[in-house]
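> just need the structure, nothing else, for what follows:
(chains A and B)
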Amino acid sequence: MRIHPRYTQFLAVVLLWTATVVTLGILIFIIFFILEKGLPVVDLNFLTGKPEDLGRSGGIFPTIIGTILLPLLAIAIATPLGVFTAVYLTEYTRESKVTKIIRFGTDCLAGIPSIIFGLFGYIFFVITLEMGWSILSGGLTLAVMVLPTIIRTSEEAIKSVPKSYREVSFSLGATTWQTVKKVILPNALPGIVTGIMLSIGRSIGETAAVIFTAGSSLRIPTSIFDSTRTMAVHFYILAREGISAENAYGTAATLIISVLIVNLSAYWLMNRFIAKRS
Amino acid sequence: MKLLSEKGVQRILMATAFSAISALLLIALFIISEGLPFIFSYGLNEFLFSSNWEPQAGKFGIYPMIVASLWVTFGAMVVGAPLGVAGALFLTEYVPKAIMRIVKPTIELLAAIPSVVYGFIGVMVLAPIIRENLGGPGLSLLGASIILGIMILPTIISISIDSILAVPQSYREGSLALGATIWQTIHMVTIKASKSGIIASIILGMGRAIGETMAVIMIAGNSVNIPTSALDSVRTLTANIALEMSYATGMHRQALFATGVVLFIVIIILNSIASIAIRKRPVKK
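Numbers count the residues shown, from 1 in each chain, chains lettered A, B, ... in the order given. Next up is the predicted model:
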């Protein structure tokens, strides 16, 4: 039997509408649920106080320090590597077997689950290189994890710099490196920064890769060889071991707000970048 | 002042360009060198297909975890793929471009919500609903499937939208000009032209679901058994590693790394398929 196209059209619109509304509804519900339960817990004392009794009471100050230090270290390592890789791929080579292999490696690295990064960071940085559970081990592990993001976004940003800019620079007698340094990188900067912000966002929320490399010490770290606990790990421990639902909600709300701020600034930058280009 | 010659710069850049691939090889090397000797000494067959996981007794069969991982991933696909693809089609074909430009970043923003938060929502909201309405412990295969299905929505929607937008507008115009409705155009023209990209988005979502750890630990219940119903508590491969890694030593730790090897291989295969599918995507002219 053939149904009249008008009805299939109507049915399709209803179904697709429902699917979209359900999707958006669930995702937005998650954010509001956490914020509604968590925000009442968050105040100045919660943010600046030390955790007491394993986090049952008190604040989350040391975990905020850990959450700032680990991603910073990670991008400090991954940014030069990622940006240089992108420069090499776009400005110094043509498409060849080598670039294909590099791209394939980057894609694979991007798809590896965080628990594998955790295992690797533990056996390589913590055990083999004897760095122990430390900010250094955690930062290096996260750096490897966010490297593909930085390579990809930098590559896109560099590719979007108009060809004429390069031609003008070359016609003035500049070398490739001078062109990259003076013309391409400054123009691609907002795009590159977007990639960095997205990487920070991902590092802040990461748990599996961090818990086995940076440990879960609640003390305020004094050097990069100290163990630390990030907000995400703290939240996981509070929730999983049933230490305190109230403080878990508070930590989750702080975590979500930080991630949203970082990612929203990334989008804001990206939009400005695109607006400027077109 | 010139510190580096042009050739020198090129060499340095080339060296850094290999950082990602070297990291990948290093990861493979260390996981495999820690896990593979165990697989050989314990026996591949026994490791993959025995159901006894009793680390204290020296028994390391990961079959229940493999089955659980497959079921959870399958469940996540059943929940996530139709919703995600339908959402992507609706946003590209029915919704004005201006609204899409707001909704798509919003959905991508949701990919940034930490996985522990999804797991927590599962425990606090979803598990009680399952327990009261369907019975069982609530922390279950079903719960894990739903939470993972939701978690992979941003991946599926975002990549599907990109590949649907890459379908040349002239294809749609041709179809509409022949008198087809928007839905006929979607399922006869647009979906066909963007098929490989949509498939890639689903495979990448699968990779994310099978590799997800923290959310699954919180919602799946974690008991080692081969599930007989969707309401059973299960433990996935990833959960097994994360749960026991903190105290495992010797053979036990090697067994966990061997579990990591299995996971690593599955993920690389899935990603290779996805990257081939993405490359087949039609190019916008």
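
> quick one: name the residues of the stretch 51-200 of chain B near chain A.
By Cβ under 8 Å from any Cβ of the partner chain, the residues of the stretch 51-200 of chain B that approach chain A are B:82-84, B:86-87, B:89-91, B:94, B:103, B:105-107, B:109-110, B:112-121, B:123-125, B:150, B:153-154, B:157, B:180-184, B:186-187. Glycine gets a C-beta too; all of them are placed from N, C-alpha and C.

> what is the burial count for residue 43?
Going with chain A. 12 (other Cβ atoms under 10 Å in any protein chain shown).

> oops, wrong one, chain B.
Other residues near B:Gly43 come to 12 when the count uses other Cβ under 10 Å.

> in the chain, which spans are strands?
Chain wasn't specified; assuming chain A. Assigned by DSSP state E, the strands in chain A fall at A:51-52, A:57-58.

> you answered for a different chain; I wanted chain B.
B:53-54, B:59-60.

> most packed of these?
Highest mean neighbour count among those (mean count of other Cβ atoms under 10 Å in any protein chain shown): strand B:59-60, with a mean of 18.

> direction included, what does that one pair against?
Paired strands of strand B:59-60, with direction, are strand B:53-54 (antiparallel) (DSSP bridges).

> quick check: mean pLDDT of the strand it pairs with?
Regarding strand B:53-54, the rounded mean pLDDT is 90.

> quick one, what contacts the closest residue to chain A within chain B?
Nearest to chain A in chain B, going by Cβ to the nearest Cβ, is B:Gly211, at a distance of 2.5 Å. Taking Cβ atoms under 8 Å, 6 or more residues apart in numbering or on different chains as the contact definition, B:Gly211 lies against A:Gly111, A:Ile112, A:Pro113, A:Ser114, A:Ile115, A:Ile116, B:Thr238, B:Leu263, B:Ile267.

> isn't the last one right next to A:Ser114, touching?
It stands for B:Ile267. No - between B:Ile267 and A:Ser114 there is no contact under Cβ atoms under 8 Å: 11.4 Å.

> how many neighbours does the residue of chain A found nearest chain B have?
Using Cβ to the nearest Cβ, the closest approach of chain A to chain B is made by A:Pro113 at 2.5 Å. A:Pro113 has 25 neighbouring residues, counting by other Cβ under 10 Å.

> for B:Ala180, same thing?
By other Cβ under 10 Å, 18 other residues sit near B:Ala180.

> got a list of what it touches?
A:Pro5, B:Met188, B:Val189.

> do that again at 7 Å, thanks
B:Met188 (Cβ atoms under 7 Å, 6 or more residues apart in numbering or on different chains).

> what's the burial count for the closest residue to B:Thr236 other than its chain neighbours?
Excluding its sequence neighbours, the residue lying closest to B:Thr236 (Cβ to Cβ, 6 or more residues apart in numbering or on different chains) is B:Ser69, at 4.4 Å. Neighbours of B:Ser69 under the rule other Cβ under 10 Å: 25.

> again with the one 4 residues further on
Residues within reach of B:Thr73, counting by other Cβ under 10 Å, total 26.

> distance of it relative to A:Gly250?
According to Cβ to Cβ, to the nearest Å, B:Thr73 stands 33 Å off from A:Gly250.

> same question for B:Met188.
Taking Cβ to Cβ, one finds B:Met188 at 52 Å from A:Gly250.

> that older thread, right, so of the strands of chain B, which gets closest to B:Gly8?
If you check each of the strands of chain B against B:Gly8 by Cβ to Cβ, strand B:59-60 wins as the nearest, at 51.2 Å.

> tell me where the stretch 101-250 of chain A is predicted with low confidence.
By pLDDT under 70, the stretch 101-250 of chain A contains no weakly predicted segment.

> tell me the residues of it that contact chain B?
When proximity is defined as Cβ under 7 Å from any Cβ of the partner chain, the stretch 101-250 of chain A approaches chain B at A:101-102, A:104-109, A:111-116, A:119-120, A:123-124, A:144, A:147-148, A:151, A:175-177, A:201-202, A:205, A:207-208, A:212, A:232, A:235-236, A:239-240.

> of those, select the buried ones using a PyMOL command.
Remark: buried members of those, expressed as a PyMOL selection using 16 or more other Cβ atoms under 10 Å in any protein chain shown:
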select buried, chain A and resi 102+104+105+106+107+108+109+111+112+113+114+115+116+119+120+123+124+144+147+148+151+176+177+201+202+205+207+208+212+232+235+236+239+240
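
> nothing else from me, thank you.
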